[in-house]
Structures are given as C-alpha cells and as structure tokens.
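K.L.:
Sequence first, then the predicted structure, then my questions.
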Amino acid sequence: MKLEGEQVLCRFYLTNTDRVGLQPAYEAIVETARRERLAGATVLKGCMGFSLGGSILQEHAWTLSNPTPVIVEVVDSQSRIARLLGAVAPRVHAGMVTLERAHVLYYRGGVDEGAAVAMDPAPQEVAPMQIPEEGVLLRIFIGESDVDPRTGRPLYEALVHRAREMHLAGATVLRGPMGFGKHSRLHTAKLEALSRDLPIVIEIVDAEDKIQSFLPVVDESVTEGLVTMEKVRVLKYTAEATRDA
C-alpha cells in the first residue's frame, strides 16, 4: 500500500461506553478499518471532557464503567475514508467525526509478504452521516500541574468547565506520557521520575464563531502553553437524539 502526499485525517470523538451491539464502538471502528484494509487506526483515551449532551466525562480509578472520552484517528486516502464512514454510519449512533487534510511524509508498513494488499479503487462517493459543516479544531497544550488563577483548580478542568458553560459542542482532555515545553524540562510518566507535570492537550471542536468567543477565556487562563487552531470538516451524529425521543 502506497500512502504519501495529501491524505485525510479522520477523527471519531466517542466515549468508552458507546456501543455497537455488545461491542465498544471504538473497537468496532478499528475492526471495520482493518477489514476495509485502511493503513491503520489509533485509539486515544482521554482523562476528562464533556459530551455533546453536556455531561462531564472524567476517569475514576475506582470504577471501570465510568464514561471517559475516546478518540479514534485514521489516516488514509479520501476514497478509503469515505468507505469507512459508509460502513460505520449505520452502526455507530453517538459522537462526532471530523475530517481534515493530512500531508503524509512517509508511510512504512513493514514487511508482510503473506498479506495481499487491496489496491485503492477509483474515488467513489459514499454517503456519510450528513453533509459536512465547516468547523475549527482548537488545541490547548499545557501541563498537568498548571492551575487556573481564578479558581485554583487544575487548569484543564477549569477550561473544560468554562467551555461547557459557554455551550461549546464538546471537549476532550488527553494526557501524554512524555514531553517537554518552553523551558526544555523533560516530563515523563516513569515511576522513577520526580516530575508529575505531564503534558496535557485539550481538544475542542465547534463553529469558528464559538471558538473565537472562547479564545478570551484561553488567553486569560493560559499563562504558559501553546494554542493552535485549524480548519476541519465536521460530521455530527444525530441518531442519539432520535433514539432518546
């Protein structure tokens, strides 16, 4: 499989309790991507966030069934991503999907002489969940030990709650096991390390005007960190609302 140049990055924003039958939805998406012979899929577990319905999602060590955010990332050609969406849409009834351009520098799939690689056919239209809308992905890169100056609570918690109060579509907090920031101090999750200031990324997807309205909050709260914005195409699932009706 040759995967280079401009491709599509597809992100599924879910929770670990979303289901396709008895199977976790993120597992179903990964298995579907594998069955459709896509280049690969990655599942990222969040430590905090809130759902499209406004419910706070936060991991707790004392329970295994507590809903927490999950992101599934898939990079492949436009036609293969379209086939994946067409296969997933009838089965996954919660969450949100974003699409954005991704320029692949190189793709190394290793040597697997026994596996037959299905060639990508000519691009074809596959109906997604609904017509994509233009949106913005806001990423806030901070440290786990950063504190909100107004409330004294962890900064990532304060930003998630402020985003929820301002009725943004959703937020996901991802904790990294390793990284460094402006001062080049290495932060790691290794047991022998003294630093517990692990990297934190907050991802928020919404319409550009709502993201712009949230930026003053970010500017006021984040005294050290990095903030990025990029255009995405947003596919919102609607079946969850229909199911509750």
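P.N.:
Arrived safely, thanks for sending.

K.L.:
Assign the residue nearest to residue 148 when sequence neighbours are not counted to helix, strand or coil.
P.N.:
Nearest non-adjacent residue to residue 148, counting by CB to CB, 6 or more residues apart in numbering: residue 158, 3.5 Å away. In short, each C-beta sits where N, CA and C put it, glycine included. Secondary structure for residue 158, judged by DSSP: H, G, I helix; E, B strand; the rest coil, is helix.

K.L.:
just checking, residue 158 touches residue 220?
P.N.:
No. Residue 158 is beyond contact range of residue 220, at 10.6 Å (criterion: CB atoms under 8 Å).

K.L.:
Look at these two and report which has more neighbours.
P.N.:
Using other CB atoms under 10 Å as the criterion, residue 158 and residue 220 rank with residue 158 on top: 19 against 12.

K.L.:
For this structure, which segments count as strands?
P.N.:
Remark: strands assigned in the chain by DSSP state E are 5-15, 19-20, 23-24, 42-50, 56-58, 69-76, 96-104, 133-143, 171-175, 178-180, 186-188, 199-206, 226-236.

K.L.:
per the record, what domains does this protein have?
P.N.:
Domain assignment for the chain by automatic domain parsing gives 5-131, 134-233.

K.L.:
looking at these, which has the lowest confidence?
P.N.:
Least confident of those, judged by mean pLDDT, is domain 5-131 with a mean of 81.

K.L.:
nearest residue to the residue nearest the centre of the chain other than its sequence neighbours?
P.N.:
The centroid of the chain falls nearest to residue 71 when counting by CA atoms, centre = their mean (3.9 Å). Spatially, and ignoring its direct neighbours in sequence, residue 71 is nearest to residue 44 (4.4 Å; CB to CB, 6+ apart).

K.L.:
shouldn't the one you found be in contact with residue 73?
P.N.:
Yes. At 6.7 Å, residue 44 counts as touching residue 73 under the criterion of CB under 8 Å.

K.L.:
Compare the two (neighbour count), which wins?
P.N.:
Taking neighbours as other CB under 10 Å, residue 44 and residue 73 compare with residue 44 leading, 17 against 14.

K.L.:
is it true that residue 69 touches residue 57?
P.N.:
Yes. Using CB under 8 Å, residue 69 makes contact with residue 57 at a distance of 5.3 Å.

K.L.:
got any residues that touch both of those two?
P.N.:
Residues touching both residue 69 and residue 57 by CB atoms under 8 Å, 6 or more residues apart in numbering: 15, 46, 48-49.

K.L.:
just to revisit the earlier point, out of residue 69 and residue 57, which sits in the busier spot?
P.N.:
residue 69 (26 against 23).

K.L.:
Buried ones in stretch 51-70, by neighbour count?
P.N.:
If you call a residue buried by 16 or more other CB atoms under 10 Å, then stretch 51-70 has these buried ones: 51, 57-59, 67-70.

K.L.:
So which of those is the closest to residue 78?
P.N.:
residue 70 (24.3 Å; CB to CB).

K.L.:
pull the longest helix from the protein.
P.N.:
Using DSSP state H, we find that the single longest helix of the chain is helix 208-221.

K.L.:
Report the beta-bridge partners for the residue nearest to residue 98 when sequence neighbours are not counted.
P.N.:
Nearest non-adjacent residue to residue 98, counting by CB to CB, 6+ apart: residue 232, 4.3 Å away. Bridge pairing for residue 232 (DSSP bridges) gives the partners residue 135.
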